[in-house]
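*Asks:* quick one, fold the following:
(one chain, ligands or ions: 1)
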Amino acid sequence: MSTAKKEIKKVTTHQLQEMKSRGEKISMLTAYDYSYAKIVDDAGIDVILVGDSASNVMAGHDSTLPITLDQMIYHAQSVIRAVDRALVVVDMPFGSYQGNSSEALRSAIRIMKESGAHAVKLEGGSEVIESVKRILSAGIPVMGHLGLTPQSIYKFGTYTVRAKEDEEANELKEDALLLQEAGCFGIVLEKIPAKLATEVAKNVSIPVIGIGAGSGVDGQVLVLHDLLGVTKEFSPRFLRRYLNLYEEMKGAVGQYIKDVKSKDFPNEKEQY
Ligand code: KIV
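*Replies:* Residues are numbered from 1 along each chain as shown. A predicted model of the protein is given here:
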C-alpha cells in the first residue's frame, strides 16, 4: 500500500483565466469557517470567498459595515486551514481601504500575511483605483466588485437591482475596464441586469463572476448559507436553494431535546 499523499492541484488565478478562455464556467461560494470550508473544498469548488457577508451571516448584523479587519482575518485563517484546492479570496472590510492607498496596502498585507489567503476583493471602481494599483504593486492578486456594492448600502438606500439606467450602466462598464487595466484578475458583478453583465463579460478578458447577474458571465457566486437554506429570511429572485437546512437542523435539535427530556438519550450503548 502506498503511503504517498495524493497531490492536489491548487486553483490559481491563471487557471481561472484559462477557464474563461475555454468557456468553462467558474464556481465560487462563500465560507467563513473551517467546517463549511472543508465541505465546499472537498466538493470541488473553484473559488472560496471569505465574504464580508460574514457580518450578516455569522454575526447577525444588518449590513456588512461593522465587520472589522481582525474579524475578517480570523475567518480567513479558519477557512485556509481547511482548504487544499480552492483559490481563497478574502473581502477587505469597510474602512480598511477607502481612506487612502497606503492604508489599503497595509490592510491587504495583513490579510495575506496573517491568514495565508491567496487574494483580496474590494468594492468599487474609479474611486478605489489607486488602492487597487497599490495593492497589486505588492504582488497581491485583487478581485474587483461592481454593481450592488453592499458596503455602500447607505448611499444606495436599498438592495435593489443596480445600473438599470444608462448613466450608471456606462459608469459600470468603464469601471470594469479600469479594474482590468489596473491588473485585477477578476470582477464580481452583483445584482445588475443580465444583458449588461453579459456585455461586461464580453468586453473584458478577465473572468467576471456574477451574483444576480444572469448566465452570460464567466462564473457564479452565492452565499453558502443561503444556498443551503440555513438562512431563511433572505430570498431574492437570483437565489437557488438546494436544501432547507434551517428546518432540518431545527427538527434534529427538537428531536434531541425530546430524547433528553424523555430519558431516551443516552441509551445503554451510548455510555461507558
Ligand atoms: O460578501 C459576500 O458574500 C460577497 C458576495 C455577495 C459576492 O461579496
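
*Asks:* which stretches of the stretch 1-150 of the chain have low pLDDT?
*Replies:* Along the stretch 1-150 of the chain, the parts satisfying pLDDT under 70 run over 1-6.

*Asks:* show me what from it comes close to the ligand.
*Replies:* T30, L49, G51, D52, S53, D91 (CB under 6 Å from any ligand atom). In this view, the C-beta of every residue, glycine as well, is placed from N, C-alpha and C.

*Asks:* if you set the cut-off to 5 Å instead, what comes out?
*Replies:* With CB under 5 Å from any ligand atom as the criterion, the stretch 1-150 of the chain comes near the ligand at residues T30, G51, D52, S53.

*Asks:* for the residue in the stretch 1-150 of the chain that the ligand sits nearest to, which non-adjacent residue is spatially closest?
*Replies:* Among the residues of the stretch 1-150 of the chain, G51 lies closest to the ligand, at 2.5 Å counting by CB to the nearest ligand atom. Distances taken as CB to CB, 6 or more residues apart in numbering place T30 nearest to G51, at 4.3 Å, with adjacent residues excluded.

*Asks:* what sits against the residue of the stretch 1-150 of the chain closest to the ligand?
*Replies:* Contact partners of G51, counting by CB atoms under 8 Å, 6 or more residues apart in numbering, are T30, Y32, D91, V223.

*Asks:* show me which pair in those residues is furthest apart.
*Replies:* Pairwise distances among those were taken by CB to CB; the largest, 11.8 Å, belongs to D91 and V223.

*Asks:* give the residues shared as contacts by the two.
*Replies:* The contact lists of D91 and V223 share G51, S53, where a contact means CB under 8 Å, 6+ apart.

*Asks:* the two: which is more packed in?
*Replies:* Between D91 and V223, counted using other CB atoms under 10 Å, D91 has the larger neighbour count: 29 against 22.

*Asks:* beta partners for the more buried one?
*Replies:* K121 (DSSP bridges).

*Asks:* okay, domains of this structure per the record?
*Replies:* 3-241, 245-272 (automatic domain parsing).

*Asks:* okay, those domains, which one's buried deepest?
*Replies:* Greatest average neighbour count among the domains of the chain goes to domain 3-241 (a mean of 19), per mean count of other CB atoms under 10 Å.

*Asks:* coming back round to it: next one: the residue nearest to G51 from N170, what distance?
*Replies:* T30 sits 30 Å away from N170, going by CB to CB, to the nearest Å.

*Asks:* same thing with L146?
*Replies:* L146 is 12 Å from N170, by CB to CB.

*Asks:* next one: G183
*Replies:* 23 Å.

*Asks:* now R81
*Replies:* Relative to N170, R81 is positioned 43 Å away (CB to CB).

*Asks:* with G157 instead?
*Replies:* 21 Å.

*Asks:* show me where this protein has strands.
*Replies:* 26-30, 47-50, 87-91, 119-121, 142-147, 186-190, 208-211, 219-222 (DSSP state E).

*Asks:* for V128, find the nearest of those.
*Replies:* Across the strands of the chain, V128 has its closest neighbour in strand 142-147 (8.6 Å, CB to CB).

*Asks:* return that closest one as PDB; C-alpha atoms alone will do.
*Replies:* This file holds the C-alpha atoms of strand 142-147, laid out as PDB (Å, rounded to 0.1, in the frame of the first residue of the first chain):
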ATOM      1  CA  VAL A 142      -7.000  41.700  -6.500                       C
ATOM      2  CA  MET A 143     -10.600  41.000  -7.500                       C
ATOM      3  CA  GLY A 144     -13.000  43.900  -8.100                       C
ATOM      4  CA  HIS A 145     -16.700  44.100  -7.200                       C
ATOM      5  CA  LEU A 146     -19.100  46.300  -9.100                       C
ATOM      6  CA  GLY A 147     -22.900  46.800  -9.300                       C
END
